[in-house]
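Engineer: Pasting a predicted model and its sequence here:
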Amino acid sequence: MAASAPCWPYWSCWWQRRRRGRAVLGWEYEEGRQADGARLEALAAAQKAAPVVLSYDYRRLDKDFAVARGHLTGKFRDEYGRTTTRVVAPTAARYHGVVKATVVKPPGGGAPAASVVSASPDKAVVLLFVNQVTTSTQVTGPRVDLNRVRMTLTRTSAGWKVSAMDAL
């Protein structure tokens with residue numbers, strides 16, 4: 001192999017490397033700035049979506065599920081539709097199920113119990129603490145379930161939408 005030709009004059013190589021370094025740093029800075037913006041936007045979207053997606057009332061299932069699907073995207077939206085149609089709706093109607101979900105807030109006030117686990121400009125993972133209060137003919141009195149939910153959000157042309165959700 002032939003050796004690479006030395007830069008001449010020497011300062012021209014130094015200047016080219018420096019310009020390249022600035023470009024890389026500038027790109028990384030911009031991506032970091034976009035990720036910071038994504039964190040705030042995705043966190044707000046997750047806090048708004050969680051109560052809607054995780055709540056329903058047997059008296060208005062179609063409306064509740066339609067509104068929830070508006071917060072979803074991709075395969076998760078399709079999966080949610082199948083699950084609510086085949087499993088949740090028949091069970092909720094049969095046993096008069098009502099589930100009200102809320103993102104937990106500290107007793108003394110303050111920010112909701114939600115945090116961004118990771119974020120890029122177009123995708124974010126958010127961890128939320130969600131309480132669900134369930135009433136139905138199958139339980140005596142309201143039952144409170146304390147849940148941790150990992151929500152993956154994807155930026156779409158219509159804003160941040162839930163593309164996956166897991167109970168932890």
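Structural biologist: Happy to help now that I have it.
Engineer: Please, where are all the helices along this structure?
Structural biologist: 10-53, 61-69, 74-83, 89-95 (DSSP state H).
Engineer: hey, C-alpha coordinates of the second one in CSV?
Structural biologist: Think helix 61-69. Coordinates of the C-alpha atoms in helix 61-69 are reproduced here as CSV (Å, rounded to 0.1, in the frame of the first residue of the first chain):
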residue,chain,number,x,y,z
LEU,A,61,-66.8,1.5,25.7
ASP,A,62,-66.8,2.4,22.1
LYS,A,63,-66.3,6.1,22.8
ASP,A,64,-63.6,5.5,25.5
PHE,A,65,-61.7,3.1,23.2
ALA,A,66,-61.9,5.4,20.2
VAL,A,67,-60.5,8.3,22.2
ALA,A,68,-57.7,6.0,23.5
ARG,A,69,-56.8,4.9,20.0
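Engineer: what about it, distance to the chain center?
Structural biologist: Helix 61-69 sits 18 Å away from the centroid of its parent chain (CA atoms, centre = their mean, to the nearest Å).
Engineer: if we can go back for a sec, mean pLDDT lowest where, among the helices of the chain?
Structural biologist: Between the helices of the chain, the lowest average pLDDT goes to helix 10-53, which shows a mean of 70.
Engineer: What separation do you get for the one residue sitting closest to the centre of the chain and Val116?
Structural biologist: Geometric centre of the chain, nearest residue: Leu153, 3.3 Å, by CA atoms, centre = their mean. Counting by CB to CB, to the nearest Å, the gap from Leu153 to Val116 is 10 Å. (Each C-beta comes from the backbone N, C-alpha and C, glycine too.)
Engineer: again with Ala158
Structural biologist: 20 Å.
Engineer: if we can go back for a sec, pull up the overlap in contacts between Leu153 and Val116.
Structural biologist: Shared contacts of Leu153 and Val116, defined by CB atoms under 8 Å, 6 or more residues apart in numbering, are found at Ala42, Ala124, Val125, Val126.
Engineer: quick one: which of those is nearest Ala92?
Structural biologist: Set against Ala92, the nearest of the shared contacts of Leu153 and Val116 by CB to CB is Val126 (26.3 Å).
Engineer: how many other residues sit next to the residue nearest to that closest one when sequence neighbours are not counted?
Structural biologist: Nearest residue to Val126 in three dimensions, chain neighbours excluded: Ala46, at 4.0 Å (CB to CB, 6 or more residues apart in numbering). Close neighbours of Ala46, defined as other CB atoms under 10 Å, add up to 29.
Engineer: Wait, Ala46 touches Leu128, no?
Structural biologist: Yes. At 6.1 Å, Ala46 counts as touching Leu128 under the criterion of CB atoms under 8 Å.
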